[in-house]
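Asks: would you be able to build a 3D model of this:
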Amino acid sequence: MEHLHQFGLRQDPFQNEPDLRFYFDSVSHSAPQRRIDRGLRQSKGLCVLTGEGGTGKTLLTRRLLESLEEEVFDAQLMLMMPGATAPTTVLNRYARMVGVEDANSDRQALLAQIYEQLAMVREEGRHSVLMLDDAHLFDREALAEIGSLLNLEYEDRRLVSLMLVGLPELETTINDEPSLGQRIDVRTRIESLDEQNTMKYLQHRLVCAEGDASTLPPDAMMSLYKYGQGRPRLLNTLADNALYEAYLAGRTELGCQDVERAAADLG
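Replies: From the prediction side, this is the model:
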């Protein structure tokens with residue numbers, strides 16, 4: 001894009017795609033990552049990761065997925081979509097992911113097919129992991145049904161670990177379902193970035209795009225923190241729009257007025 005060239009950028013530093021090249025290992029993210037990673041490596045049953053929208057849950061989940069070695073884990077990531085959270089739909093999707101070619105329409109038979117595939121993974125000396133992103137879209141009954149996967153055992157060992165990722169309301173739904181709430185082994189939350197980490201985050205994104213950190217003066221970053229609330233997704237959106245405002249004004253660095261204009265336009 002032409003406006004990016006004006007700032008010496010080879011690519012968009014503030015895209016909101018889950019690109020691991022731009023991952024920023026802040027304190028807000030590293031602690032939850034270590035907790036979940038420990039749970040999965042100990043073959044815990046249920047790990048829950050929550051956070052407000054735009055705090056980086058999806059990117060962290062992908063980073064965790066990439067960190068699980070193929071020779072040790074058979075890990076699958078499933079993104080939930082509105083209207084596609086029925087338990088049968090999810091179990092069918094998971095069955096295909098683990099290698100079931102002709103999924104049975106009967107629930108018990110389908111679970112038996114999944115069990116067979118997971119048992120083969122266990123015999124290979126690996127552990128199965130299922131990560132469900134945007135799990136707050138599940139209702140109580142659906143969560144309980146998905147949680148039934150935790151009952152699958154082979155030689156007295158659990159066959160699969162579940163990782164549920166979602167907005168804070170996921171916590172409420174889980175707590176309302178005693179059969180699941182009491183089975184949580186790891187529960188952690190991503191918090192918004194503080195002022196210092198927001199500045200480091202913005203500079204990190206610029207450097208990853210081969211840009212100059214001076215493009216974002218301290219006062220502009222403070223303004224981005226003020227309006228972006230320390231949430232990476234919102235910070236990216238604001239910074240991207242502010243860059244374009246500075247481009248239109250013919251400047252090569254952001255000013256507070258650019259951030260304020262972007263915030264006003266975005267509402």
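
Asks: who touches Arg96 in this structure?
Replies: Ala103 (CB atoms under 8 Å, 6 or more residues apart in numbering). Bear in mind the C-beta positions are built from the backbone N, C-alpha and C, glycine included.

Asks: how much space between it and Ala213?
Replies: 45 Å (CB to CB, to the nearest Å).

Asks: and for Val27?
Replies: Per CB to CB, Val27 is found 20 Å from Ala213.

Asks: now swap in Asp219 and tell me
Replies: Taking CB to CB, one finds Asp219 at 14 Å from Ala213.

Asks: repeat that for Leu68.
Replies: In terms of CB to CB, Leu68 sits 33 Å off from Ala213.

Asks: these two: who's more crowded?
Replies: Set Leu68 next to Ala213 and count neighbours by other CB atoms under 10 Å: Leu68 wins out with 17 against 13.

Asks: isn't the more buried one up against Ala75?
Replies: Yes. Shown here, Leu68 and Ala75 form a contact pair, counting by CB atoms under 8 Å, at 4.6 Å.

Asks: need the overlap of contacts for these two.
Replies: Residues touching both Leu68 and Ala75 by CB under 8 Å, 6+ apart: Val129.

Asks: ramachandran coordinates for the most centrally placed residue in the chain?
Replies: For the chain, Thr58 is the residue whose C-alpha lies nearest the centre (CA atoms, centre = their mean; 1.5 Å). Phi and psi for Thr58, reported as degrees, to the nearest 10, are phi -70, psi -40.

Asks: how long is stretch 15-31 end to end?
Replies: 24 Å (CA to CA, to the nearest Å).

Asks: in the stretch 51-200 of the chain, which spans are helices?
Replies: 57-67, 87-97, 107-123, 140-147, 169-175, 178-181, 195-208 (DSSP state H, counting those that start in this stretch).

Asks: which helices and strands sit right next to the following helix or strand past the last one?
Replies: Proceeding N to C from helix 195-208, the next assigned helix or strand is helix 218-228, under DSSP states H and E. For helix 218-228, the packing partners by 3 or more CB pairs under 8 Å, 6 or more residues apart in numbering; DSSP states H and E come out as helix 195-208, helix 232-248, helix 256-266.

Asks: list the buried residues for helix 218-228?
Replies: Buried residues in helix 218-228, counted by 16 or more other CB atoms under 10 Å: 220-221, 223-228.

Asks: give me the helix or strand of this protein that scores worst on average pLDDT.
Replies: When the helices and strands of the chain are scored by mean pLDDT, DSSP states H and E, helix 2-5 comes last with a mean of 80.
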